[in-house]
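Trainee: Sequence and computational prediction follow.
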Amino acid sequence: MKTIAQTFRCALCVALLFISYAASAADAKTYQVTGPVTEVTPTTITVQKGQEKWQINRDATTKSGGDIKVGAKVTVYYTMTATEIEVKGSTKGSSEKK
């Protein structure tokens, strides 16, 4: 009887971990850009939106619904992720001479 209760508790903990992971992953805001492809490389895709060209990084994990070719109309879904944060001088806590 003890092992059944322990197994149930363990399964419950695993389920809660998966739920919390899914909830935190949902916090990232997603964006999209639609237009014709102007350039494709193994690491980027460039999409024309009006007069602007949007160059978006991609890698082996990027999902694709088919063969991406220049001229094809696509919708690219992406998120913004910080790669580095540099903190500049702060006004709080700095000593001022009077």
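Mentor: Yes, it's here. Numbering: from 1, shown residues only.
Trainee: Neighbouring strands - and their directions - for the longest strand anywhere in the chain?
Mentor: Across the chain, the strand with the greatest residue count (assigned by DSSP state E) is strand 30-40. Within its sheet, strand 30-40 is paired with strand 44-49 (antiparallel), strand 73-79 (antiparallel), according to DSSP bridges.
Trainee: Buried residues in the shortest one, which are they?
Mentor: Going back to what we said before, that points to strand 44-49. Judged by neighbour count (16 or more other C-beta atoms under 10 Å), strand 44-49 contains these buried residues: 45-47. Every residue, glycine included, has its C-beta placed from N, CA and C.
Trainee: Quick one: distance of stretch 45-56 to the chain centre.
Mentor: Between the centre of stretch 45-56 and the centre of its host chain there is 18 Å, according to C-alpha atoms, centre = their mean, to the nearest Å.
Trainee: which regions of the protein sit below the pLDDT cut-off?
Mentor: 1, 8, 10, 12-13, 15-26, 91-98 (pLDDT under 70).
Trainee: Please repeat the previous calculation with a cut-off of 80.
Mentor: Low-confidence regions of the chain, defined here as pLDDT under 80, cover residues 1-2, 4-28, 90-98.
Trainee: what about residue 9, helix or strand, and which?
Mentor: Secondary-structure assignment from DSSP states H and E places residue 9 in helix 2-25.
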